[in-house]
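one predicted model, sequence on top.
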Protein chains: 2
Amino acid sequence: MNELSPVSRRSGGRAARVAARSAPLAENLRPIRPGLPGGQYKPLTEAGVKRIHEAALEALEVIGLSQAPESGVEIMTKAGAILGDDGRLRFPRALVEDMLAKAARNITLFGRDPKYDMHLSGTNTYFGTAGAAVHIVDVEKREYRESTSHDLLAASKLVHHLDNIHFFQRAMVCRDVTDNLLMDMNTLYACCAGTTKHVGTSFSDPSHVADGFDMLHMIAGGEDKWRARPFVSNSNCFVVPPMKFATESCQTMEHCIREGMPVLLLSAGQAGATAPAPLATAIVQAVAECLAGVVYVNAMSPGFPAIFGTWPFVSDLRTGAMSGGSGEQGLLTAGCAQMHQFYGLPGGAAGGMSDSKLPDMQAGWEQGILNVMAGLSGLNMIYESVGMHASLLGFCLESLVLGDDLLGQVQRCIRGIDVTEDSVSIETMKSVCLEGPGHYLGHNQTLEVMQTEYVYPVVANRSSPKEWVELGKPDLIQKAIERKNRILAEAAPSLIDAEADAAIRKRWEIYC
Amino acid sequence: MNELSPVSRRSGGRAARVAARSAPLAENLRPIRPGLPGGQYKPLTEAGVKRIHEAALEALEVIGLSQAPESGVEIMTKAGAILGDDGRLRFPRALVEDMLAKAARNITLFGRDPKYDMHLSGTNTYFGTAGAAVHIVDVEKREYRESTSHDLLAASKLVHHLDNIHFFQRAMVCRDVTDNLLMDMNTLYACCAGTTKHVGTSFSDPSHVADGFDMLHMIAGGEDKWRARPFVSNSNCFVVPPMKFATESCQTMEHCIREGMPVLLLSAGQAGATAPAPLATAIVQAVAECLAGVVYVNAMSPGFPAIFGTWPFVSDLRTGAMSGGSGEQGLLTAGCAQMHQFYGLPGGAAGGMSDSKLPDMQAGWEQGILNVMAGLSGLNMIYESVGMHASLLGFCLESLVLGDDLLGQVQRCIRGIDVTEDSVSIETMKSVCLEGPGHYLGHNQTLEVMQTEYVYPVVANRSSPKEWVELGKPDLIQKAIERKNRILAEAAPSLIDAEADAAIRKRWEIYC
């Protein structure tokens, strides 16, 4: 889908020219695409990066982590971690360095459709959803209500059809499903039924994992096919900051690894609450925790695909409540991206959340600033980049649709300024100024770059005040609702093979 | 003014603690302040910067600029520019280099109150308004109406009381004043009556300049006082891109220079219309034009304070209309900042405009993305950073108020991550994890950084969905209207000395 916004009524020749220029472009010529390399923005100096690394190593040696499951203690002590009398596992620097050397680099996160494969390498950037919102935002009623499996499926379908969103990680909780196992199964189903882009899920209990893989094998058409191209990763909150393993999540993680599912090593401390308040130390703690995860995963299965998930969040220190949309958050996320690049590991963090309850101007600047900082910093996986409101408590489908425009603009910024011999040649200037019409309108060079260098929003409005009045003063949210409804009306009921879909519905109660 | 948003009802002890922590902070301890150094973001490589510089020099040698006024031809040919038979002035590379060597560096733009002085040096960043909007946005009626001198005065008063906006350049046209001389006088009056921060104006005709200086001398309390601390700069659209001098604006500029008024050398081409469509070449042309301005100014008055005003704008190439809020605009502006730094000259460009007609989510992301890119690139003067809608055609007072929060967040991002021995020490982590409560809430370190490292919005809402409902679902725009009304109710009618104010009103008809 590559809709272009309808151009307002124009006279004949110009309208035709405009229409011709508005035709969709071949994939390889488009100005933006998944995986654009960032890295033009560096909030930390090289010395700062090394200093944070040193402090993280020190924290692992001196403080270590408590509460590893028995299996984890065995795996990690066998590799060289030291279990103290206080029950804490401590990690000698050499052990961390060994495991860093073994860790998977340049991994691919598969889509069910190969065209959505993501290559997490260098500073490549991919934008997607994530989170566990418990509400969906009803923009028409200005209301928060409990999110359901139907909402999750709708979000998944929207992401499938929004070009600038590259993966779909479970963004909200299916609160209509009261049984916990069935909730996990419905979550997995809703994500995979809506999109063939890469999916992220999060098992809520180790005892649910086996059922999960049964479903994934059914969707894939067999375990071998699943293992060849695992299209779902598991988001593991494997630590409870500060510096404690999350026992059950670790057990889940071990199971996922055995079944070939890439894992997101997620450390979600909150600066000023479960992580230190100074931004640099919050990064130190997140890095230390994720390094412990790297040791864990690679001691168990050397080179297993894992995403370095430093997700330090921010507290509003006046109240202790979380703030998702602050400038401090933008800095934490971008700083973490630099740490991932220092280790050469695929990394992810939280991108563009908003504290606002609605998709209003506050939401726009918070999501815009956070996403462009994350993208320009070259963060591989930019989670929670769209749709997320109320500091992660609410998900909004209209905001998701608007977020596609927002991310298109962000991705144009990541693409950057091409400085080639051609692009700085003054030949066109010369002919325009010395021989030509004195302007560049309609010049061949202008037409050439119209679609290869410029990005156009779909819902966002660029009309003049006069045209805007003529168009009936279109309201942004109304336009987002219309695009949402259009996509949902056209989307397939399920992108899971019909036979597998039926078998899944037979085995588990599916609510959506 | 440093209001903090009201905290929702809480129980005794906590409320008191929160209130204590919310007290205003001494200026030097605040996390953000005017002039924070950026430069962490570099859209161009060093080689790219040099390549653009070379192309600009080539354009000046080969293409040159037409339509200089006679006085300008005399000034520049005397310095070494060559007047061709085609009437174009061409600039040998050595001339440009000589004048660059003479050009003013590290200049100060004065406020009428010295505490608002701006030191344009290195990558110091200052945010303010600018533009010539012909409409004011009425957010309550969703309407565009003609802007007036009263609107301009209100905007000036608001900027005076909004901490994160550092200067006030004329942002809209006083359309209630039909006489052109009186329009310029009312513009100058409204700007200076509302704020003692640095003001930017733009004389619409060379014949108005003498009256302008008469008024400024009256406001300053004498010509000597004006010349000692010129608190108004003139925005000179001294070129009509591509590569033509704007004859009358050049005459105005010469007059301003003689009167000691700093000038903004403004090249406002529009990529794809009056400037080349490829971003790099649009920068080449803007740089070439501003270098011509540097020659002009320094040939006339070596070392005279001038701002390198590369303001390349963007066309929506589908329609040719201007797009102010695009990603392409963010790149052009940030790329220009790097060119200013290459020359070591004080520079300015257009920061955070929106194409949206209203302060909605689109406006938020456009203004957020553009401003954070401009700030992180280290642009000295970030013009049009707030209030600007409809691709420069509309100015919105409520958006200006919201922009103060937006810019607070942006400035927090520019401030960056402090990596000091203290901020990466793991001592606090150690005590919290090994001895302490297992969290950082209420820890001394947390309380210490609460106001020195964290920024809190005034109007933007961070409450939970539950609190939000309890607060009556506050609407962002309504809250902005309230803050606007509060500031305007408290602001002085005029910040011009009463006697001078009366004298001004006696000499010129003042509409506001």
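On my side now, so go ahead. Just so we're clear, the structure is a prediction, and the values are computed from it rather than from any experiment.

just give the closest residue to A:G325, not the sequence neighbours.
For A:G325, ignoring the flanking residues on the chain, the nearest one in space by CB to CB, 6 or more residues apart in numbering or on different chains is A:E366 at 3.0 Å. To be clear about C-beta, it is placed using only N, CA and C from the backbone, and glycine gets the same treatment.

quick one: neighbours of whichever residue of the stretch 401-512 of chain A sits closest to chain B, just the number.
Among all residues of the stretch 401-512 of chain A, A:R412 sits closest to chain B, at 3.2 Å; criterion: CB to the nearest CB. As a burial measure, the neighbour count of A:R412 was computed by other CB atoms under 10 Å in any protein chain shown and equals 26.

how near is A:R227 to A:T108?
Taken as CB to CB, to the nearest Å, the spacing of A:R227 relative to A:T108 amounts to 14 Å.

other residues contacting the helix or strand that contains A:V96?
A:V96 is part of helix A:93-102 when elements are defined by DSSP states H and E. Residues external to helix A:93-102 that are found in contact with it (CB atoms under 8 Å, 6 or more residues apart in numbering or on different chains): A:57, A:60-61, A:79-81, A:291, A:294-295, A:298-299, A:302-303, A:343, A:345.

just the CA coordinates of it, formatted as PDB?
Taking only C-alpha atoms (Å, rounded to 0.1, in the frame of the first residue of the first chain), the coordinates of helix A:93-102 have been written out as PDB:
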ATOM      1  CA  ARG A  93      35.400  -9.100  33.300                       C
ATOM      2  CA  ALA A  94      37.100 -11.800  31.300                       C
ATOM      3  CA  LEU A  95      33.900 -13.800  31.300                       C
ATOM      4  CA  VAL A  96      31.900 -10.900  29.900                       C
ATOM      5  CA  GLU A  97      34.500 -10.300  27.300                       C
ATOM      6  CA  ASP A  98      34.600 -13.900  26.200                       C
ATOM      7  CA  MET A  99      30.800 -14.000  25.900                       C
ATOM      8  CA  LEU A 100      30.800 -10.700  24.000                       C
ATOM      9  CA  ALA A 101      33.200 -12.300  21.500                       C
ATOM     10  CA  LYS A 102      30.800 -15.200  21.000                       C
END
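
around chain B, pick out the residues from the stretch 1-150 of chain A.
By CB under 8 Å from any CB of the partner chain, the part of the stretch 1-150 of chain A that sits against chain B consists of A:4, A:7, A:18, A:21-22, A:40-45, A:47-48, A:51-52, A:54-55, A:58-59, A:62-63, A:86, A:135, A:142, A:144.

among the residues you listed, which lie within strands?
Assignment to strands by DSSP state E places the following of these there: A:H135, A:Y144.

let's see which of the residues of the stretch 1-150 of chain A next to chain B end up in helices.
With helices defined by DSSP state H, the entries of the residues of the stretch 1-150 of chain A next to chain B inside them are A:V18, A:R21, A:A47, A:G48, A:R51, A:I52, A:E54, A:A55, A:E58, A:A59, A:V62.

wait, which of the residues you listed is closest to B:L279?
For those, the residue nearest B:L279 by CB to CB is A:R21; the value is 18.3 Å.

do you know the pLDDT at the closest one?
The confidence metric pLDDT takes the value 55 at A:R21.

do A:G80 as well
98.

my read: A:T45 touches B:T420, true?
No: under the criterion of CB atoms under 8 Å, A:T45 lies out of contact with B:T420, with a separation of 11.8 Å.

how far is the strand or helix carrying A:I307 from where the chain is centred?
A:I307 is located in strand A:306-310, with elements delineated by DSSP H and E. Put simply, strand A:306-310 sits 12 Å off its chain's centre (CA atoms, centre = their mean, to the nearest Å).

who's in contact with it?
Here strand A:306-310 has contacts from A:103-104, A:107, A:120, A:233, A:235, A:262-267, A:283, A:286-287, A:289-290, A:293-294, A:297, A:336, A:339-340, A:343, A:345-349, A:380-381, using CB under 8 Å, 6+ apart.

the residues you listed in helices, which ones?
When the contacts of strand A:306-310 are checked against helices (DSSP H), the matches are A:I283, A:A286, A:V287, A:E289, A:C290, A:G293, A:V294, A:V297, A:C336, A:M339, A:H340, A:Y343.

relative to helix A:46-62, how tilted is the strand holding A:I307?
Using axes from the mean of the first three to the mean of the last three CA atoms, to 10 degrees, the inter-axis angle of strand A:306-310 relative to helix A:46-62 is 100 degrees.

rewinding a little: ok, now which ones touch the residue nearest to A:G325?
Residues in contact with A:E366, defined by CB under 8 Å, 6+ apart, are A:G324, A:G325, A:S326, A:G352, A:M353, A:S354, A:D355, A:S356, B:G364, B:G368, B:Q409, B:A460.

which pLDDT value goes with it?
At A:E366, the model reports a pLDDT of 98.

list phi and psi for it.
Backbone geometry at A:E366, expressed as degrees, to the nearest 10, gives phi -60, psi -50.

now it: how far from A:L400?
Separation of A:E366 from A:L400 (CB to CB) stands at 15 Å.

again with A:P278
Using CB to CB, one gets 34 Å for the distance from A:P278 to A:L400.

go on, A:L406?
From A:L406 over to A:L400 (counting by CB to CB), the distance is 10 Å.

tell me the two of the ones in helices among the contacts of strand A:306-310 that are most distant?
By the measure CB to CB, those have their two most distant members at A:I283 and A:V297, which lie 20.6 Å apart.

tell me, what residue is most central in chain A?
Within chain A, the residue whose C-alpha comes closest to the C-alpha centroid is A:Y383; the distance, by CA atoms, centre = their mean, is 2.6 Å.

dump the residue contacts of that one.
With CB under 8 Å, 6+ apart as the criterion, the residues that contact A:Y383 are A:G128, A:T129, A:A130, A:G131, A:Q169, A:G200, A:W311, A:G348, A:A349, A:A350, A:G351.

between those residues, which sits nearest chain B?
Set against chain B, the nearest of the contacts of A:Y383 by CB to the nearest CB is A:G351 (12.9 Å).

can I assume the closest one is in contact with A:N380?
No: when contacts are counted by CB under 8 Å, A:G351 is not listed as touching A:N380 (11.2 Å).
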